[in-house]
Every structure is written in C-alpha cells, then in structure tokens.
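In: Here's my sequence, what's the structure:
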Amino acid sequence: MKKLLCLLALTAIANQAFAQDLVKTGEGIRQKSVAFLSFDVYKISHFIATIPAGEDVAGALAASTSDKKFELEFLRDVEAEKIKDSLDGAYKNCDYKNKDKVKELLSVFKSDFKKGDLITIAYSGGKTTFTSGASVLSVDGDEIMQATWCIWLGKGIKDQKKLKDELVKALKK
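Out: Okay, here's the model as predicted:
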C-alpha cells in the first residue's frame, strides 16, 4: 500500500511540474453516436510547451517533439475494452503498423472507467507516457508519439472532425 501511495504522489508531482510550462491549445468533447443519439464520452484537453509554426496547426502540433500532453476526463462510465478497441482502430487509421507497441500501450487500461476518471498521455524527452489511475507506462520513440497525437490531431478519429479543430482553437486567429 505504501508503494502505491508513493507512486501516486510521485506521478502527481511529476504531472504538476510538467504542466506548469505548458500552454493549453484547446479542449473538446468526444462524442459517440449510436443511431440518432449522441453521447458525451470524455472531455479532452491538449497542452504543449512550445507552439510550432506552420500552416497546418494540428499537423505541426502532432509532429512537434516539444513537451506536450493530452488530458482526458470521462463524462460517463465506459468499459476499458471499448476504449482499447477505439484506440486500436484509431492507430490503424493513422497507419501505425507496430501492433506490439499498441498492445503494450493499451495494456495500461486495466479496469473500466467511471465518470470523473482521468487519463493523461504525455510526451517528454523522447518518451510517451500513458497514465490511467495507478497504471503508468512509458514507451520510447517519436514514431509512437506521432501516431498517438495523430489520433486526435490527424486522421485517427473519423467520425468527429470538429474535435481536432477544438483542440487547436486557442492557436487559430
């Protein structure tokens, strides 16, 4: 129990220190539509340390190797398997081929999500770190980071195009 509390404290301290130097680029609500109904699934916010230049703001953010992160807050209860399946499909939409690395990353989602639960996906120093509750997993490499950022800032989510615009809204003039 002491180890778990220490891990949670260290994660909170690291996330707080990391977040102090980041600029919020935008936020939006991920919705899922079934038949004629739409459901809010999670609120997602994006932050970055250095704003990249470029005409394609979303593409520049996704490609940037500056410290950055996504924060997802669940607005409803969602089964972990549904999130894993959704992210697996989004990696495929982004043409990311390393199935083993995707499987490794998705293993961080060990239990179902409840309303109010948080996921943090952060990139710093060549590592992409997924934090879900007490589960933390870091993976080396810019390629997996770019594929992960492609999910929300590229072609990963095909059924809600406006979400990408909402995540870069603070940078558009």
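In: where exactly do the helices run in the protein?
Out: 2-19, 57-63, 80-93, 99-106, 142-153, 162-167 (DSSP state H).
In: Which residues belonging to the last one are considered buried?
Out: So the one you mean is helix 162-167. For helix 162-167, a neighbour-count test (16 or more other C-beta atoms under 10 Å) marks 163-164, 166-167 as buried. C-betas here are computed from N, CA, C, even on glycine.
In: Which two of the residues you listed have the greatest separation?
Out: Comparing all pairs in the buried residues of helix 162-167 by C-beta to C-beta, the longest separation belongs to Lys164 and Glu166, at 7.3 Å.
In: So Phe109 versus Leu137, what's the distance?
Out: Phe109 sits 10 Å away from Leu137, going by C-beta to C-beta, to the nearest Å.
In: neighbour count winner among those two?
Out: The neighbour comparison of Phe109 against Leu137 (other C-beta atoms under 10 Å) goes to Phe109, with 21 against 15.
In: which residues touch the more buried one?
Out: By C-beta atoms under 8 Å, 6 or more residues apart in numbering, the contact list for Phe109 reads 80, 83-84, 119, 132, 135.
In: Same check on Phe113?
Out: Residues in contact with Phe113, defined by C-beta under 8 Å, 6+ apart, are 74, 77-80, 83, 119.
In: Show me which of those residues are buried.
Out: Burial by neighbour count, judged by 16+ other C-beta under 10 Å, picks out 74, 78, 83, 119 from the contacts of Phe113.
In: would you list these in a markdown table and tack on pLDDT?
Out: Shown next, in a markdown table, are those (pLDDT from 0 to 100):
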| residue | pLDDT |
| --- | --- |
| Phe74 | 98 |
| Val78 | 96 |
| Ile83 | 94 |
| Ile119 | 96 |
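In: Quickly check those for the two that are furthest apart.
Out: Val78 and Ile119 (10.7 Å).
In: Give me the common contacts of these two.
Out: 42, 113.
In: ok, back up a step: looking at the buried residues of helix 162-167, spot the one nearest Asn93.
Out: When the buried residues of helix 162-167 are compared for distance to Asn93 (C-beta to C-beta), Lys164 wins out at 12.5 Å.
In: Spatially nearest residue to the closest one, not counting backbone neighbours?
Out: Excluding the flanking residues, the one nearest Lys164 by C-beta to C-beta, 6 or more residues apart in numbering is Ala58, at 5.3 Å.
In: Fine by me, we can end here.
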